[in-house]
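Asks: sharing a sequence plus its predicted fold:
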Amino acid sequence: MIETSNRPKVAIIGGGFTGLTAALRLAEAGYEVTVLESGAELGGLAASFQIGGEPLEKAYHHLFRTDVDILQLADELGISDRLEWLESSLAIYRDGRTWSFVTPLDLIRFSPCSLVGRIRLGIMALRIKYKTDWHDLVELGALDWMRAHSGQSATRAVWEPLLRGKFSTQAEEISMAWLWARLHIRSNSRESGGGKEKLGYIRGGFVRLVNALEVKLREAGVDILTSCRVNEIAGDGKRVRVSYQGDSVVYDAAIFTGSNRALAALLKCESREAELLRKSLQRVHYLGAICLVFQTSQKLGDFYWVNVSEPDAPFLVMIRHTKLVPAQRYGGKEVYYLGAYVSQDGRRFNSSNEDLEKEWFDYLQKMHPEFDRSCVESKQMFRFCDAQHVVDCEYFSKILPFETSLNGLFLANFTQVFPEDRGTNFAVRDGNKVASVVGEWLAKRQ
Ligand SMILES: Cc1cc2nc3c(=O)[nH]c(=O)nc-3n(C[C@H](O)[C@H](O)[C@H](O)COP(=O)(O)OP(=O)(O)OC[C@H]3O[C@@H](n4cnc5c(N)ncnc54)[C@H](O)[C@@H]3O)c2cc1C
């Protein structure tokens, strides 16, 4: 513990799970910590809104059994009794119908893929489940790998639509190491003996965890400013100058937890180090995400998660949230998400809510002819900037360390999570890690 009389000051830019966890650890270690969050509330990409009288994430969220860091944090904050493990169900919409992917037998019935393709798909799934080292997959294209190992038919029916939906025109460039991690984690979320997949949800929403963190931070004396956008960051050789709300405040260290793209735009490039840092940050490309959340009395399909694998589909996923979490919690009505990842400069990310809603509801009606728009009781469209980074075959070389080339400035965001997909668990893990890196750095500088 450091002396209170001369406590180094640390700014944490971003009040998502990475920033809040790092703030907690640094405050516990005795530093004077300020959290600066541009949004009106904390939570970042996992932030919530109200639907049916209950908080719900603006973007669909669940946990896996392998998410040990966030589970540990929930325990530490005394809310692990709110964690529930619920039976999931997965399906693929293809060739005009929804195909269940819950049991191994479902794969045999999946006729959009040839019989040989289905057998190869099954063998490939086992191979991924038991493969533990991913390093040899980093520079291999996921679609090329799938063509070689699960065949053309399965790649066309399953992997191409999935990767095109998630990465748009950059689908062919995605690293197999990333796809390996997604499949490996999912296959290990099943109970042993080929049981059904169980997913975790926090009763009352992820906001319970955010609120518990906030309480703990305030008790530890952390200053939390929301609706506070940082508009410039500059190094002055030894410390970091952070500008917000018309002021420029000098900190001993600052941790930026927003996207690489956002930090590149904020950096005041007075030095060669800052210019080089900006160039390295700009090597990572992002897509935006859109989620349309709506509540209705209608039950549409029997699955929690449906990957929409038709080439002409305007969204990638249809989620019946209330297939996982009981509808009674949301006033007895069903809650759905339709979600897509899109280019931030593209038509869909920039079109009006009305146009997008019409396009998506038209398609939903094609999937579920019984869908009746007049039964929709509430709906909200959410857009997220820099929601997914493009994990191409060169991606491993683009990952930056926590400590940047600007003295006192640290970066901690989901671009540093690899090969796993970004997630709240890794945000907590990296919040813990970056706090200890910053603590050691400050201790050496004393
Ligand atoms: C569609 C979708 C579905 C997802 N599903 C899941 C899931 O099922 N399970 C799961 O675990 N994870 C899921 N995730 C991922 C998860 O939400 C993120 O990995 C996690 O929340 C990232 O936390 P973070 O703190 O690193 O970043 P963020 O949550 O992005 O937080 C960064 C914060 O920095 C703030 N900020 C940026 N610039 C500035 C600035 N200049 N000044 C002040 N503040 C600034 C932002 O406002 C933001 O609040 C999903 C994400 C999306 C988009």
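Replies: Nice, I can see it. Numbers count the residues shown, from 1 in each chain.
Asks: partners of the biggest strand by length in the chain, with directions?
Replies: With secondary structure taken from DSSP state E, the chain has its longest strand at strand 376-389. Based on DSSP bridges, the pairing partners of strand 376-389 within the sheet are strand 286-296 (antiparallel).
Asks: mean confidence for stretch 299-311?
Replies: On average, the pLDDT along stretch 299-311 is 95.
Asks: what about whichever residue of the stretch 101-250 of the chain sits closest to the ligand, neighbour count?
Replies: Closest approach of the stretch 101-250 of the chain to the ligand (Cβ to the nearest ligand atom) occurs at Val230, with a separation of 3.7 Å. To be clear about C-beta, it is placed using only N, CA and C from the backbone, and glycine gets the same treatment. Residues near Val230, counting by other Cβ atoms under 10 Å, number 23.
Asks: who's it bridged to?
Replies: The partner list for Val230 in beta bridges (DSSP bridges) reads Tyr244.
Asks: so it makes contact with Leu36?
Replies: Yes. Under the criterion of Cβ atoms under 8 Å, Val230 lies in contact with Leu36, with a separation of 5.5 Å.
Asks: what sits in contact with each of those two?
Replies: 13, 242, 244 (Cβ atoms under 8 Å, 6 or more residues apart in numbering).
Asks: neighbour-wise, which one of these leads?
Replies: Neighbour counts for those were taken using other Cβ under 10 Å; the highest belongs to Ile13, with 26 neighbours.
Asks: what confidence value was assigned to it?
Replies: The predicted local confidence for Ile13 comes out at a pLDDT of 98.
Asks: and the closest residue to Asp252 other than its chain neighbours, how close does it get to the ligand?
Replies: With sequence-adjacent residues excluded and distances taken as Cβ to Cβ, 6 or more residues apart in numbering, Asp252 is closest to Pro8, at 3.9 Å. To the ligand, Pro8 is 21 Å away according to Cβ to the nearest ligand atom, to the nearest Å.
Asks: mind starting the numbering at 572 from now?
Replies: Right, with 572 as the first residue, what we last looked at is Pro579.
Asks: I'd say Pro579 and Val821 touch.
Replies: No. Taking contact to mean Cβ under 8 Å, the distance of 11.3 Å between Pro579 and Val821 leaves them out of contact.
Asks: the two: which has the busier surroundings?
Replies: The residue with the greater number of neighbours, taking Pro579 and Val821 and applying other Cβ under 10 Å, is Pro579; the counts read 21 against 15.
Asks: list the buried residues for stretch 961-972?
Replies: Applying a neighbour-count criterion of 16 or more other Cβ atoms under 10 Å, one finds 961-964, 966, 969, 971 buried in stretch 961-972.
Asks: and it, is it in reach of the ligand?
Replies: No. Contact between stretch 961-972 and the ligand is absent, the nearest approach being 13.4 Å (criterion: Cβ under 6 Å from any ligand atom).
Asks: so after the helix or strand where Thr893 lies, what's the next helix or strand?
Replies: Following DSSP states H and E, one finds Thr893 within helix 892-895. Later in the chain than helix 892-895, the nearest helix or strand by DSSP H and E is strand 905-913.
Asks: mind giving me the packing neighbours of that following strand?
Replies: Judged by 3 or more Cβ pairs under 8 Å, 6 or more residues apart in numbering; DSSP states H and E, the packing partners of strand 905-913 are helix 731-738, strand 857-867, strand 888-891, helix 892-895, helix 918-921.
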